[in-house]
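Asks: Got a predicted structure plus its sequence, pasted below:
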Amino acid sequence: MLGDHSFIKIIRKGIRPRLAAAALPLLLAACAGGAPNQSWAGLAVRGDLAYLAHNYHISAVNLSSGEMVWKYPEEVDAKTLFYGDPLIDSQGYLVAGAYNGAVVKLNAETGTPVWKAEGDGEKIIAPIAEGPDGEYYVSSESGDLRVLGGSDGALIKRIPLDKMTSWGPMAVNGERIYIATIEHKVMAVNFESGAAEWTVDLGAAIAGGVNLVDGKLVVGTFTDRIYALDPQTGATLWEAAAEGWVWQAPISDGETVFAADLGGALRALALADGSPLWSVQVGAPVQAGPAAQEGQVFAGTSKGTVRAYSIEAGAPVWEQTVEGAVHGSLRLSGGKLLVVVSGAKYQLAALNPESGVIVWTYAEPT
């Protein structure tokens, strides 16, 4: 759960007060439950393991059984609180940032630490990104982009971001890293020079980061808009309306963009030009990012409903209920639909993507 100070920060960045007041219960709801939710859980998957980063632990969970394989650290470190999705890097290591600014690199199979960089005390919420040379790019509330060495976590340099903060995933290609900020901006930073090549202002906070797909940057904002930008120049290629704040970055299957919003809408847009294909109401606000595969798209809501729709026409396929609000982004791996839950009984659920049946649930260690 993002702290109250972070919510206030969004309001101060120019969000409409009426919408801010409407979203506050959704933010506070993430704190509820028997297992204390100090943070929103992050999730990554690789092979037969899912990695849940939540509160004071990162847990590796077997995708087949839902059983814990390892946890890090073994003992609670009250100074290390995890937010955001861990990174599985190009070499198969797991890298995660903490709310105190620390960054840890772990063996993804065993959870054994490779190194830990203590950092500067500035909160890390956004997932860490890997550059083309194996370096790690870390955005924090310092407003700078820290670049850490892959082998030892040593600070290589800081790239000023004009005191802007990223909450969501950054996108990378061979030349640039793309950053979406709470301060309304999307910017492209050149890997080689460390300089911003372009910056655009989309007029509202961007909490969900940015996705790069088929030569387009797709992003959603807190003024109920969805954009596709040119990654070379930042120029708007198209924009489309949503029915509420777009909390997570839209996704794409290469032809269609899928975006969900706090108005409870899940919509499909043509990636080529943003033209609307279909839109459905899922019955509750959506803060979780959707997922798509094999002709279906999936969405989870703040009321704990998870639904599947056909990609072709948005026809409903199935509906399931989990015990808590659905946050983060849904993931598909190992024949499972993985759902992060802010709930009392468990924090991760695996569903059968064809039927919606809950296969297993996982409660993090206390």
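Replies: Okay, I see it.
Asks: what ranges of the protein fall below the confidence cut-off?
Replies: Residues of the chain meeting the criterion pLDDT under 70: 1-39.
Asks: V186 belongs to a helix?
Replies: No: remark: V186 does not belong to a helix; assigned using DSSP: H, G, I helix; E, B strand; the rest coil, it is strand.
Asks: That one against L217, yeah?
Replies: Yes: counting by Cβ atoms under 8 Å, V186 does reach L217; the two are 7.0 Å apart. Quick note: C-beta positions are derived from backbone N, CA and C, even for glycine.
Asks: Can you check which residues contact both of those two?
Replies: Taking Cβ atoms under 8 Å, 6 or more residues apart in numbering as the contact rule, V186 and L217 both touch 178, 210, 229.
Asks: burial of the second one, as a residue count?
Replies: Counted with other Cβ atoms under 10 Å, the neighbours of V210 add up to 26.
Asks: ok, now which ones touch the residue lying closest to W318 once chain neighbours are set aside?
Replies: Among residues not flanking W318 along the chain, G356 sits closest, at 3.8 Å (Cβ to Cβ, 6 or more residues apart in numbering). With contacts taken as Cβ under 8 Å, 6+ apart, G356 has the following neighbours: 306, 308, 317-320.
Asks: Buried subset of the residues you listed, written for PyMOL?
Replies: This is how PyMOL selects the buried members of the contacts of G356, with burial counted by 16 or more other Cβ atoms under 10 Å:
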select buried, resi 306+308+317+318+320
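Asks: export the contacts of G356 to a markdown table and tack on secondary structure and distance to L348?
Replies: Formatted as a markdown table, the contacts of G356 follow (DSSP: H, G, I helix; E, B strand; the rest coil; distance: Cβ to Cβ, whole Å):
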| residue | secondary structure | distance to L348 |
| --- | --- | --- |
| V306 | strand | 13 |
| A308 | strand | 18 |
| V317 | strand | 22 |
| W318 | strand | 19 |
| E319 | strand | 19 |
| Q320 | strand | 14 |
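Asks: and which of the contacts of G356 is nearest V326?
Replies: If you rank the contacts of G356 by distance to V326 using Cβ to Cβ, V306 comes first, at 6.5 Å.
Asks: ok, what's across the strand from that closest one?
Replies: On the basis of DSSP bridges, V306 is bridged to G300, Q320.
Asks: I'd say it and G324 touch.
Replies: No: if you go by Cβ under 8 Å, V306 and G324 don't touch, sitting 11.3 Å apart.
Asks: Can you show me the helices along this protein?
Replies: In the chain, the helices defined using DSSP state H lie at 4-12, 17-29.
Asks: mind listing the strands for the stretch 1-150 of the chain?
Replies: Using DSSP state E, counting those that start in this stretch, the strands of the stretch 1-150 of the chain run over residues 42-46, 49-54, 57-62, 68-72, 87-88, 93-97, 103-107, 113-117, 129-130, 136-139, 144-148.
Asks: Likewise for the stretch 251-366 of the chain?
Replies: Going by DSSP E, counting those that start in this stretch, the stretch 251-366 of the chain shows strands at 251-252, 256-260, 265-270, 276-281, 291-293, 296-300, 305-310, 316-321, 325-326, 331-333, 336-342, 348-351, 358-362.
Asks: Would you convert these into JSON lines that also reports distance to E109?
Replies: Shown next, in JSON lines, are those (distance: least, Cβ to Cβ, whole Å):
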{"stretch": "strand 251-252", "distance to E109": "28"}
{"stretch": "strand 256-260", "distance to E109": "32"}
{"stretch": "strand 265-270", "distance to E109": "36"}
{"stretch": "strand 276-281", "distance to E109": "40"}
{"stretch": "strand 291-293", "distance to E109": "25"}
{"stretch": "strand 296-300", "distance to E109": "28"}
{"stretch": "strand 305-310", "distance to E109": "29"}
{"stretch": "strand 316-321", "distance to E109": "31"}
{"stretch": "strand 325-326", "distance to E109": "28"}
{"stretch": "strand 331-333", "distance to E109": "16"}
{"stretch": "strand 336-342", "distance to E109": "19"}
{"stretch": "strand 348-351", "distance to E109": "19"}
{"stretch": "strand 358-362", "distance to E109": "18"}
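Asks: So for P169, which of those strands sits nearest?
Replies: strand 251-252 (11.0 Å).
Asks: Among the shared contacts of V186 and L217, which one lies nearest to G168?
Replies: G168 has its nearest neighbour among the shared contacts of V186 and L217 in V210, at 7.1 Å by Cβ to Cβ.
Asks: So that closest one sits against G220, correct?
Replies: No: counting by Cβ under 8 Å, V210 stays clear of G220, with 9.2 Å between them.
Asks: overlap in contacts of those two?
Replies: Joint contacts of V210 and G220 (Cβ under 8 Å, 6+ apart) are A249.
Asks: For P113, see how far away A249 is.
Replies: For A249, the distance to P113 (Cβ to Cβ, to the nearest Å) stands at 30 Å.
Asks: More neighbours: which of these two?
Replies: Neighbour totals were compared for A249 and P113, and A249 leads with 25 against 12 (other Cβ under 10 Å).
Asks: ok, so what distance separates the more buried one from V95?
Replies: Computed as Cβ to Cβ, the A249 to V95 distance reads 20 Å.
Asks: now swap in T233 and tell me
Replies: Using Cβ to Cβ, one gets 31 Å for the distance from T233 to V95.
Asks: Same check on E135?
Replies: E135 sits 11 Å away from V95, going by Cβ to Cβ.
Asks: Looking at those two, which one has more neighbours?
Replies: Comparing E135 with V95 by other Cβ under 10 Å, the one with more neighbours is V95, at 26 against 17.
Asks: Report the contact partners of the closest residue to the more buried one other than its chain neighbours.
Replies: If the residues on either side of it in the chain are set aside, V95 comes closest to L87, at 4.4 Å by Cβ to Cβ, 6+ apart. Residues near L87 by Cβ under 8 Å, 6+ apart: 44, 94-96, 127-130, 136.
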